[in-house]
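Asker: Provided below are the primary sequence and the corresponding predicted coordinates.
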Amino acid sequence: MSSPLSSRRAAVLAFLRERAAEGRPPSLAEIAEEFGFASRSAAQKHVHALAEAGLIERVAGHARGIRLAVGERPDLLALPVLGRVAAGQPIGADIGLDQQLWLDRGLFALRPDYLLRVQGDSMIDDGIFDGDLVGVHRSADARDGQTVVARLDGELTIKRLEKRRDRLRLLPRNPAHAPIAIPAGTDFAIEGLFCGLVRQG
C-alpha cells in the first residue's frame, strides 16, 4: 500500500490543480507565498515529492514548468474535509469545505464520501483520537455495533451504535464518557458510517 499524502503536500497538490485548471501553473515563489514557506527551496521539496509520486510533471527550463500528470491515479481518492465531528458531547458541525485531500483508497474499508475532523477523546479505545480525520460513507442505515456519524438535535457526534428492540444508544469507547440514550421522538439521524481514518503528523 502506498503512503497517503501529508495534509500539507495534499494541499500543495490541490493548489497546483486549481491553478492548472485556470491555465496558469504557479511558480515556486508563488507556492512558497501561498503556504508561508520560508523559501522557494521548501516549495521545491514538495513539488519534487509530488513529481516523484507521479502526480505532477516538471517541464525543464520553465519557471512555471509544472503540469498535472497525464491520466488519473485510480489508487487515490479526492476527499473534501467538511468541518468537525465530536468524540465527546455532540457539537455543531461547521460544515463547509475546509480543504481537499488526495488519499490512498486502501486506507478505507468502504469508499468514503468525505472527511470530518475529530474533536474529543470519547473514541480512543477504538483508536480514534482528537485531531484525526475520519472517513465517512454516507448512509442513513447502520447495524448494531457499527461506528457511525450521527446527527443529534442538529449536532454531530461519532459513536458506536447500539440498536435494541426497546432502545437506541450511542456508545463511547472511553470509560470516562457516558452512553447517549436516544429517546423516542428525538431529532436523530444516521449521517454515515465510519470507514477509516487519517492521522496527520
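Answerer: Received it, and whenever you're ready, just let me know what you need.
Asker: C-alpha from now on. contacts and neighbour counts both.
Answerer: Noted.
Asker: got the contact list for the residue at minimal distance from the centre of the chain?
Answerer: When C-alpha atoms, centre = their mean is applied to the chain, the residue found nearest the centroid is Leu115 (3.3 Å). If you count contacts by C-alpha atoms under 8 Å, 6 or more residues apart in numbering, Leu115 has them with Leu79, Pro80, Val81, Leu82, Leu133, Val134, Gly135, Val136.
Asker: What confidence value was assigned to the last one?
Answerer: Read it as Val136. Per-residue confidence (pLDDT) for Val136: 94.
Asker: which residues sit in contact with it?
Answerer: Pro112, Asp113, Tyr114, Leu115, Leu116, Val149, Gly192, Leu193, Phe194, Cys195, Gly196.
Asker: PyMOL command to pick out the buried ones of these?
Answerer: Under the burial definition 16 or more other C-alpha atoms under 10 Å, those of the contacts of Val136 that qualify are selected in PyMOL by:
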select buried, resi 112+113+114+115+116+149+192+193+194+195+196
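Asker: can the contacts of Val136 go into a markdown table with extra columns for pLDDT, secondary structure and distance to Arg143?
Answerer: Shown next, in a markdown table, are those (pLDDT from 0 to 100; DSSP: H, G, I helix; E, B strand; the rest coil; distance: C-alpha to C-alpha, whole Å):
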| residue | pLDDT | secondary structure | distance to Arg143 |
| --- | --- | --- | --- |
| Pro112 | 92 | coil | 17 |
| Asp113 | 89 | coil | 19 |
| Tyr114 | 89 | strand | 20 |
| Leu115 | 91 | strand | 21 |
| Leu116 | 92 | strand | 21 |
| Val149 | 96 | strand | 13 |
| Gly192 | 94 | strand | 11 |
| Leu193 | 96 | strand | 10 |
| Phe194 | 96 | strand | 12 |
| Cys195 | 94 | strand | 14 |
| Gly196 | 93 | strand | 17 |
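Asker: helices and strands of the protein: which one has the lowest mean pLDDT?
Answerer: Across the helices and strands of the chain, the lowest-confidence element by mean pLDDT, DSSP states H and E is strand 97-104, at a mean of 70.
Asker: For this structure, just list every one of the helices.
Answerer: Ranges of helices in the chain, per DSSP state H, are 7-21, 28-35, 40-52.
Asker: Pull out the buried positions in the first one.
Answerer: By that I understand helix 7-21. Buried positions in helix 7-21, judged by neighbour count with 16+ other C-alpha under 10 Å: Ser7, Arg9, Ala10, Ala11, Val12, Leu13, Ala14, Phe15, Leu16, Arg17.
Asker: For the third one, which non-adjacent residue is closest in space?
Answerer: Think Ala10. Distance criterion C-alpha to C-alpha, 6 or more residues apart in numbering; nearest residue to Ala10, sequence neighbours excluded, is Leu101 at 5.3 Å.
Asker: That'll do, ta.
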